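J.: Please work out how this folds:
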Amino acid sequence: MTWTTEFGESHEGYVGAVLLDGSEPKPVHLDPGSGADFRTTREWWAYSGQLGRPKAAFLRGCCACGWRGASYPIDWEQLSDEDDS
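T.: This is a model prediction of the structure:
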């Protein structure tokens, strides 16, 4: 999600991850398969604890300018149940 049209490039938003200790994890590198084009993300869903990544405990709105919103707990069990349906 971006707000670059109205606010400029310093305001690019995303839903970020927060670890149990309250810190934000480093960006995750996504491997698309073969090739050298690796993308990175700080989106909450990438921090599921799989593939050696840290597991997010909370999510929150974030902006490239440094603004952070309130944190909300992630219920990974409920998300896993939804994936099974």
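J.: ranges for the strands of this protein?
T.: Counting by DSSP state E, residue ranges of the strands within the chain are 13-18, 28-30, 39-41, 58-63, 68-73.
J.: Of all those strands, which one is nearest Gln50?
T.: Of all those, strand 28-30 sits nearest to Gln50, with 10.5 Å by CB to CB. To be clear about C-beta, it is placed using only N, CA and C from the backbone, and glycine gets the same treatment.
J.: Distance check, the closest residue to Gly61 other than its chain neighbours against Leu51.
T.: Nearest residue to Gly61 in three dimensions, chain neighbours excluded: Gly69, at 3.6 Å (CB to CB, 6 or more residues apart in numbering). Distance of Gly69 to Leu51, given as CB to CB, to the nearest Å: 27 Å.
J.: who's more crowded, these two?
T.: Gly69 (13 against 8; other CB atoms under 10 Å).
J.: The residue nearest to Gly61 and Lys55: what is the separation?
T.: Noted for Gly69: a distance of 20 Å to Lys55, by CB to CB.
J.: With Tyr47 instead?
T.: Distance from Tyr47 to Lys55, by CB to CB: 6 Å.
J.: Quick one: find the helix or strand in the protein with the lowest mean pLDDT.
T.: helix 4-7 (a mean of 57; mean pLDDT, DSSP states H and E).
J.: Neighbours of Val28, how many?
T.: With other CB under 10 Å as criterion, Val28 counts 19.
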